[in-house]
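In: Sequence below, structure please.
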Amino acid sequence: MKIGYFCNSTNWEGKKYTQVLNEIRDIATYCDKNKWDSIWFSEHHFSHEGMEVCPNPLMLSSDIAARTKNIRIGQAATIITFWNPIRVAEDIALLDNLSEGRVEAGLGRGIYGREALNMNPDADMKDQNKNFRLFEETISILKKAWTQKFFNHHGEFYTYPAPNFQWQHDMSPPNKDFMNIKTNILEKISIVPRPLQKPHPPLWQVVDSPRSIEWAAKNEMNTIMWIPTVESLKKRFEIYKNARSEKEKRNVKMGEGICLVRDMFVADSMEEAREKAGEQMVNYMRWVCHWRGLGTHMNPGEDLPKTKNKLDLLSYDFLHKRNMLFGTVDYVISKIEELKKELNLQYLQVWSNFPGVKHEDCMKSIKMFTEKIMPHFKSKSNKTIQRAS
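Out: Numbers count the residues shown, from 1 in each chain. Below you'll find the predicted structure:
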């Protein structure tokens, strides 16, 4: 099993931003030295409240790439509907070269209207179909830019190169590969650099709805899922497996191409885990579920009691039994074993730096996970590989 750290940057306490960065670096360098497979950064904007405070996961990834040697560096996700496609293609390619080929390119559509409307009105979450078309077109441009020496694109939102631009320069010899020799009109463009990994870094899409899961599978993109219960995840995993099997004309194994994010806090006792990070995790879920409601946390066919407010049922006890890896070493191991048994889970991301959790408590949780839980699953993976060989 591959294990990554989901480093969602938060600042509920209003610390100096330099302190936030140093704590992220502390987590990243520890994970790198202790053989975690990956670390992932998210993109959010305008969060003066402090729930999500990294506006540029690619820039943060670059900083971490310079401080680490082996750990793969992902984005969960770069919200590409907010970016100029050429710019994001160049930046991911540059990061891949800076990190010597360690990039996992996680791409998302966005979830918050406050962000979308102010970053790119075409990405407005109220028009899901338009947002999806924008996402799909941007993916198409990224793949062209990364895999073709010269490319062009004519779509609903973007046209490259800009029409009717004449290119003539004494140090750029005329070439039919990218221009009309007779008119000097530029017909194709090229990005520099192209990614170090070929044909490009592994692509991941943050998904939840059946439509997004199926689209990702049919477009040969890996997926990142987060909140649902094991029972609800089974259906999602099956949708992905079936769609990718159909696309690739082979029997894709359950769990292949999927990474699951789980909220994790390891402590010496169940009570300590709840005391040090329980309310902080619930507060974060109150932020998320303000928009999502509790539906994503429900088991198939489950009916929740009606309440006056949509989040009245949200509590530590409600969340813990559904999707939290909070507790002792033995408890967390048992819950990951369940994920492996029920879903054939191949890739797990966990995080402990919830808004308001003390950094020293976060690091203790990460270290306990590293020293007492990871070996349980890494050793099993190695044995499986040895038997297969």
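
In: care to break the protein down by domain?
Out: 2-146+198-388, 150-189 (automatic domain parsing).

In: in what helix or strand does K367 lie?
Out: helix 359-368 (DSSP states H and E).

In: CA atoms of that helix as CSV?
Out: Listed next in CSV are the C-alpha coordinates belonging to helix 359-368 (Å, rounded to 0.1, in the frame of the first residue of the first chain):
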residue,chain,number,x,y,z
HIS,A,359,1.7,21.5,15.9
GLU,A,360,3.4,19.3,18.5
ASP,A,361,0.3,17.2,18.8
CYS,A,362,0.1,16.9,15.1
MET,A,363,3.7,15.8,14.8
LYS,A,364,3.3,13.2,17.6
SER,A,365,0.3,11.8,15.7
ILE,A,366,2.3,11.6,12.4
LYS,A,367,5.3,10.0,14.2
MET,A,368,3.1,7.4,15.8
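
In: would you list every one of the strands in the protein?
Out: Here the chain has its strands, by DSSP state E, at 2-6, 38-41, 72-75, 78-79, 103-108, 153-154, 159-160, 203-206, 222-225, 258-266, 324-327, 347-351.

In: Out of the domains of the chain, which one sits most buried?
Out: Most buried of those, by mean neighbour count (mean count of other C-beta atoms under 10 Å): domain 2-146+198-388, with a mean of 18. For glycine as for every other residue, the C-beta is placed from the backbone atoms N, C-alpha and C.

In: thinking again about what came up before, what packs against the helix holding K367?
Out: If contacts are counted by 3 or more C-beta pairs under 8 Å, 6 or more residues apart in numbering; DSSP states H and E, helix 359-368 sits against helix 17-33, strand 258-266.

In: Dump those to TSV, plus mean pLDDT and distance to M374.
Out: Output for those, formatted as TSV (pLDDT from 0 to 100; distance: least, C-beta to C-beta, whole Å):
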stretch	mean pLDDT	distance to M374
helix 17-33	98	10
strand 258-266	98	11
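
In: Of these, which is nearest H169?
Out: Among those, the nearest to H169 by C-beta to C-beta is helix 17-33 (41.5 Å).

In: who's in contact with that closest one?
Out: 5, 7, 9-11, 39, 53, 60, 63-64, 67-71, 353, 359, 362-363, 366-367, 370 (C-beta atoms under 8 Å, 6 or more residues apart in numbering).

In: got the angle between it and helix 359-368?
Out: Computed with axes from the mean of the first three to the mean of the last three C-alpha atoms, to 10 degrees, the direction of helix 17-33 lies at 10 degrees from that of helix 359-368.

In: Let me know the angle separating helix 17-33 from strand 2-6.
Out: With the same axes, to 10 degrees applied, the angle from helix 17-33 to strand 2-6 works out at 170 degrees.

In: CA-only coordinates of helix 17-33 in CSV, if you can.
Out: The C-alpha coordinates for helix 17-33 follow below in CSV (Å, rounded to 0.1, in the frame of the first residue of the first chain):
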residue,chain,number,x,y,z
TYR,A,17,2.0,32.9,7.8
THR,A,18,5.7,32.2,8.1
GLN,A,19,5.0,30.0,11.1
VAL,A,20,2.3,28.1,9.0
LEU,A,21,4.9,27.6,6.3
ASN,A,22,7.5,26.3,8.8
GLU,A,23,5.1,23.8,10.2
ILE,A,24,4.3,22.6,6.7
ARG,A,25,8.0,22.2,6.0
ASP,A,26,8.5,20.4,9.3
ILE,A,27,5.8,17.8,8.2
ALA,A,28,7.2,17.5,4.7
THR,A,29,10.8,17.0,5.6
TYR,A,30,9.8,14.5,8.3
CYS,A,31,7.7,12.5,5.8
ASP,A,32,10.5,12.6,3.3
LYS,A,33,13.1,11.3,5.7
